[in-house]
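[1] next comes the sequence, and after it the predicted model I'd like to discuss.
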Amino acid sequence: MPAAESQTDPAVTDPSSPARTPRSVLVTGGNRGIGLAVARAFAARGDRVAVTSRSGEAPEGLFAVAADVTDSASLDAAFSAVEAEQGPVEVLVANAGITKDQLLMRMSEDDFDAVIDTNLAGAWRCARRATKNMMRAKHGRIVFVSSVVGLYGSPGQSNYAASKAGLVGLARSVARELGGRGITANVVAPGFIETEMTRVLPEATQADYRSRIPAGSFGAVEDVARAVLFLADNGYVNGAVLPVDGGLGMGH
């Protein structure tokens, strides 16, 4: 039986090749933390990279637009600005997210709704807008940034966990719906990553978290960025969940 034809994008098979074609990349919530590391990783390879933030502030070397992922009109304007600057979005990294942690019995409906609307519905809005041009081009890569919490669960984070788990169903539905049009949709599920958020945790809390991770340490934002690049470069990985958690989730 002949071997299956590789679905890796020819233009990105060898990132160091001078013949590599730059792509138009959009990273939501790309002004800090994981999103910024992902944006810089794409930019370092020569891609045209735009990031969204609520303020529209641009990290050095990146094009930035203001966007509210809970507002379709705001997103449409942001995508239009990116398209005018660097062409239709070929790679979307849906990373924007918030937390509003509270125990189940004390969590308000407003806090539950806000997290779902930003983390899950916001990612859906981004994907819907991005695929408008991806379908026309018959090519596109969508990577949703989820969390080990979405698969593993976490006390006091029922809203956050639900939103991040929902991204798996969203990605797999998009993969089945649009896979035949050259569009892939995958999920990266980071665990505990060294960011501003984890650095302010009490040392005892950090030690407790580390004790649960087989790797014995937190990950780096660059670890997540490399996982995103892999999914953006591979056309035959579709509907997958790629953990970047040091073994914490163990396949959940």
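    Nice, I can see it.
[2] need the longest helix for the chain.
    The helix spanning the most residues in the chain, taking DSSP state H as the definition, is helix 158-178.
[3] and that helix, what's its mean pLDDT?
    Confidence for helix 158-178, expressed as mean pLDDT, is 98.
[4] which residue ranges of the chain form helices?
    For the chain, the helices identified by DSSP H occupy 33-44, 72-86, 109-115, 122-137, 148-152, 158-178, 196-199, 203-211, 221-233, in order along the chain.
[5] can you put those helices in a markdown table and add mean neighbour count and distance to residue 57?
    Backbone N, C-alpha and C define where each C-beta goes, glycine included. What follows is the helices of the chain, written out as a markdown table (neighbours: other CB atoms under 10 Å; distance: least, CB to CB, whole Å):
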| stretch | mean neighbour count | distance to residue 57 |
| --- | --- | --- |
| helix 33-44 | 23 | 11 |
| helix 72-86 | 17 | 14 |
| helix 109-115 | 15 | 22 |
| helix 122-137 | 19 | 19 |
| helix 148-152 | 22 | 28 |
| helix 158-178 | 20 | 25 |
| helix 196-199 | 11 | 16 |
| helix 203-211 | 11 | 29 |
| helix 221-233 | 21 | 18 |
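[6] comparing those helices by mean pLDDT, which bottoms out?
    Among the helices of the chain, helix 196-199 carries the lowest mean pLDDT (a mean of 78).
[7] residues touching that helix, excluding its own?
    With contacts defined as CB atoms under 8 Å, 6 or more residues apart in numbering, helix 196-199 is touched by 32-33, 192, 206, 218.
[8] just put these in CSV and tack on distance to residue 62.
    Below are those laid out as CSV (distance: CB to CB, whole Å):
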residue, distance to residue 62
32, 12
33, 14
192, 26
206, 30
218, 25
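[9] which of the residues you listed sits closest to residue 65?
    The closest of the contacts of helix 196-199 to residue 65 turns out to be residue 32 (CB to CB; 15.4 Å).
[10] the closest residue to that closest one other than its chain neighbours and residue 178: what is the separation?
    Distance criterion CB to CB, 6 or more residues apart in numbering; nearest residue to residue 32, sequence neighbours excluded, is residue 196 at 7.2 Å. According to CB to CB, to the nearest Å, residue 196 stands 35 Å off from residue 178.
[11] what pLDDT is listed against residue 20?
    On the pLDDT scale, residue 20 is placed at 73.
[12] now residue 117
    Among the per-residue scores, residue 117 holds a pLDDT of 98.
[13] isn't it up against residue 71?
    No - the criterion here is CB atoms under 8 Å, and residue 117 misses it with residue 71 at 9.9 Å.
[14] is it true that residue 223 touches residue 194?
    No - contact between residue 223 and residue 194 fails when scored by CB under 8 Å: they sit 9.4 Å apart.
[15] report the contact partners of the residue lying closest to residue 139 once chain neighbours are set aside.
    Counting by CB to CB, 6+ apart, the nearest residue to residue 139 once its immediate chain neighbours are dropped is residue 182, at 4.3 Å. Applying CB under 8 Å, 6+ apart, one finds that residue 182 lies in contact with 134, 137-140, 235.
[16] against residue 155, how distant is residue 182?
    Taking CB to CB, one finds residue 182 at 41 Å from residue 155.
[17] elements contacting the strand ranked longest in the chain?
    The single longest strand within the chain, with elements called by DSSP state E, is strand 183-190. Packed against strand 183-190, as judged by 3 or more CB pairs under 8 Å, 6 or more residues apart in numbering; DSSP states H and E, are the following elements: helix 122-137, strand 140-145, helix 148-152, helix 158-178, helix 221-233, strand 241-244.
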